[in-house]
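K.L.:
sequence and predicted structure, then a few things I'm wondering about:
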Amino acid sequence: VKGFPAEVRKLLEKNHLTSPSTHLGWEALYNWQKAIDDSKRIGHQWITLPWIPEEKRKTVEDWRAIASRFNRAGAQARSAGLRFAYHNHNFELASLAGTRPLDILLNDTDPSLVDFEMDLYWVIFGGGEPIDYFNRFPGRFPLVHVKDSAGPPDNKMVDVGKGTIDWPKIFSQSKRAGIKHYFVEHDEPANPIETIRNSYRYLHAVRFA
């Protein structure tokens with residue numbers, strides 16, 4: 001919509017807010033320059049892709065092609081003074097021909113062009129260990145999604161601090177991970193304001209070495 005990015009920026013400024021990152025769907029890659037231009041007008045630093053259509057990610061070769069596409073998108077974003085990032089769910093942790101798609105993306109993308117927004121809940125849900133990724137790919141995760149899990153078998157999302165994820169352990173490795181922004185989430189809260197309040201109270205008080 002013409003003028004929409006400017007309106008969003010005015011609304012953010014009016015409320016003394018910033019929006020360092022945005023989520024845009026796969027289709028944005030087909031009009032990538034517009035996505036870059038709109039993101040710059042709003043004031044984003046990162047353009048983050050949060051999903052890959054299932055039909056495009058069936059084989060190892062598919063994932064390698066995706067990594068190549070991410071490199072191209074990242075190069076174009078960097079030339080405009082922005083960063084490109086990818087946000088994971090749990091399907092990137094499922095074994096595919098003896099490897100994990102998330103590992104393919106991390107290995108096959110250029111760190112100077114492509115960042116990652118690790119959703120900590122989904123990595124753990126998928127059987128991964130965030131700190132393992134921080135150690136193997138230091139500095140690749142400037143953005144993280146912080147949401148908690150009640151644990152197996154249902155892995156129900158709960159307010160941050162009310163679940164089983166060891167936040168002090170993860171946060172103690174923030175420097176190695178390269179984390180700059182923490183986005184606190186709950187996908188389906190019964191009471192959004194209470195969830196925000198509970199999560200804030202926990203994160204304000206949490207301590208780690």
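P.N.:
Great, that's in hand. Bear in mind that the values here come from a model prediction, so they are computed numbers and not experimental data.

K.L.:
now do the contacts for Tyr133.
P.N.:
Leu102, Leu106, Met118, Val123, Arg140, Phe141, Ala177 (CB atoms under 8 Å, 6 or more residues apart in numbering). Every C-beta, even on glycine, is put in place using the N, C-alpha and C of the backbone.

K.L.:
tell me the contacts of the last one?
P.N.:
The one in question is Ala177. Met118, Pro130, Tyr133, Phe134, Pro138, Gly139, Arg140, Phe141, Val144.

K.L.:
buried residues, the one helix or strand the fourth one maps to. List them.
P.N.:
Phe134 belongs to helix 130-136 when elements are defined using DSSP states H and E. Within helix 130-136, the residues that qualify as buried are Pro130, Tyr133, Phe134, counting by 16 or more other CB atoms under 10 Å.

K.L.:
so which of the contacts of Tyr133 is surrounded by the most neighbours?
P.N.:
When neighbours are counted by other CB atoms under 10 Å, Met118 leads those with 28 neighbours.

K.L.:
doesn't that one lie inside a strand?
P.N.:
Yes. Checked against DSSP: H, G, I helix; E, B strand; the rest coil, Met118 lies within a strand.

K.L.:
and which of the contacts of Tyr133 is nearest to Ser149?
P.N.:
Using CB to CB, Val123 is the member of these that sits closest to Ser149, with 10.7 Å.

K.L.:
switch the contacts of Ala177 over to TSV; also include distance to Ala190.
P.N.:
TSV is the format used below for the contacts of Ala177 (distance: CB to CB, whole Å):
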residue	distance to Ala190
Met118	26
Pro130	26
Tyr133	31
Phe134	32
Pro138	37
Gly139	37
Arg140	34
Phe141	30
Val144	24
